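**Q** Any chance you can model this:
(2 chains)
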Amino acid sequence: SQQGEEDPQALSIQEGENATMNCSYKTSINNLQWYRQNSGRGLVHLILIRSNEREKHSGRLRVTLDTSKKSSSLLITASRAADTASYFCATDSLGGATNKLIFGTGTLLAVQP
Amino acid sequence: GAGVSQSPSNKVTEKGKDVELRCDPISGHTALYWYRQRLGQGLEFLIYFQGNSAPDKSGLPSDRFSAERTGESVSTLTIQRTQQEDSAVYLCASSLDYRGETQYFGPGTRLLVL
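**A** Residues are numbered from 1 along each chain as shown, chains lettered A, B, ... in the order given. I've put the predicted structure just below:
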């Protein structure tokens, strides 16, 4: 079963606005990752945040992690039409023997030019 | 440098036929993963290979699904006696090792079973 749940399921904003997506998970983790997917094809890794980190930045991306609430958020600032894609959070399993990732259901972001 | 490649890009088959999907991981990546993504959903883990260790097959949905990997290179995912519910995008990913954390994905194979 999928561990991550994301909201909103879909988000439509204007170019230049900020987009915030949230992810919740169920079990203890080593790290949480965010991936982006264009047109239902391969995923591109965006950012990884470890369980002992609370916030991380990469360019226009800002990720927060609250392990007490088992939740994370991805903020994309100054959005562009090219940011239109599906965004997934993915978690590993603390103590797991493999690096199997559990993906959420995703947020579909549409940035209107 | 070359990323993960998958073939074919698209596959249309008739119910009951067998299909074979191929994945070429990034050179030097010892870990390889197969995922399935149904329309509008997230990714479901299918199977994981790490070096010469026994694969983690815990995600395979039925015994119609199997996968092989030759050493630390190419992997094939085989679906026997395909069913319509097998229609999905099948994604392959690789990472440096099982502690590699970041997984690099191929473009996927879109399978349609009629």
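**Q** Find the residue ranges of chain B scoring beneath the pLDDT cut-off.
**A** B:1, B:98-100 (pLDDT under 70).
**Q** Chain B: helices as residue ranges?
**A** For chain B, no helices turn up when DSSP state H is the criterion.
**Q** mind listing the strands for it?
**A** Along chain B, the stretches classed as strands by DSSP state E are B:5-7, B:10-13, B:19-24, B:31-37, B:43-50, B:65-69, B:75-79, B:88-95, B:104-105, B:109-113.
**Q** next one: chain A
**A** Under the criterion DSSP E, chain A contains strands at A:5-7, A:10-14, A:19-24, A:31-37, A:43-50, A:55-58, A:61-66, A:71-76, A:85-91, A:102-103, A:107-112.
**Q** Show the average pLDDT along the second one.
**A** Meaning strand A:10-14. For strand A:10-14, mean pLDDT is 95.
**Q** Of all the residues in the lowest-mean-pLDDT helix or strand in chain A, which ones are buried?
**A** Across the helices and strands of chain A, mean pLDDT, DSSP states H and E gives its lowest value to strand A:5-7, namely a mean of 82. Within strand A:5-7, the residues scored as buried using 16 or more other C-beta atoms under 10 Å in any protein chain shown are A:5-6. (Glycine included, C-beta is placed from N, CA and C.)
**Q** Please apply the same query to stretch B:12-31.
**A** Neighbour-count burial for stretch B:12-31 flags B:13, B:19, B:21, B:23-26, B:29-31 (criterion: 16+ other C-beta under 10 Å).
**Q** May I have it exported as PDB, CA atoms only?
**A** Extracted in PDB, the C-alpha atoms of stretch B:12-31 (Å, rounded to 0.1, in the frame of the first residue of the first chain):
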ATOM      1  CA  VAL B  12       0.200  -2.700 -27.300                       C
ATOM      2  CA  THR B  13      -0.600  -6.300 -26.800                       C
ATOM      3  CA  GLU B  14      -3.600  -8.600 -26.700                       C
ATOM      4  CA  LYS B  15      -4.900 -10.100 -23.500                       C
ATOM      5  CA  GLY B  16      -3.300 -13.400 -22.900                       C
ATOM      6  CA  LYS B  17       0.000 -12.600 -24.600                       C
ATOM      7  CA  ASP B  18       3.400 -12.400 -22.900                       C
ATOM      8  CA  VAL B  19       5.400  -9.200 -22.900                       C
ATOM      9  CA  GLU B  20       9.000  -8.400 -22.000                       C
ATOM     10  CA  LEU B  21      10.200  -5.000 -21.000                       C
ATOM     11  CA  ARG B  22      13.800  -4.000 -20.900                       C
ATOM     12  CA  CYS B  23      15.800  -1.600 -18.700                       C
ATOM     13  CA  ASP B  24      19.400  -0.500 -19.100                       C
ATOM     14  CA  PRO B  25      20.500   1.200 -15.800                       C
ATOM     15  CA  ILE B  26      23.200   3.800 -15.500                       C
ATOM     16  CA  SER B  27      26.600   2.300 -15.700                       C
ATOM     17  CA  GLY B  28      28.000   1.500 -12.300                       C
ATOM     18  CA  HIS B  29      24.700   1.600 -10.500                       C
ATOM     19  CA  THR B  30      24.400  -1.700  -8.600                       C
ATOM     20  CA  ALA B  31      20.800  -1.200  -7.500                       C
END
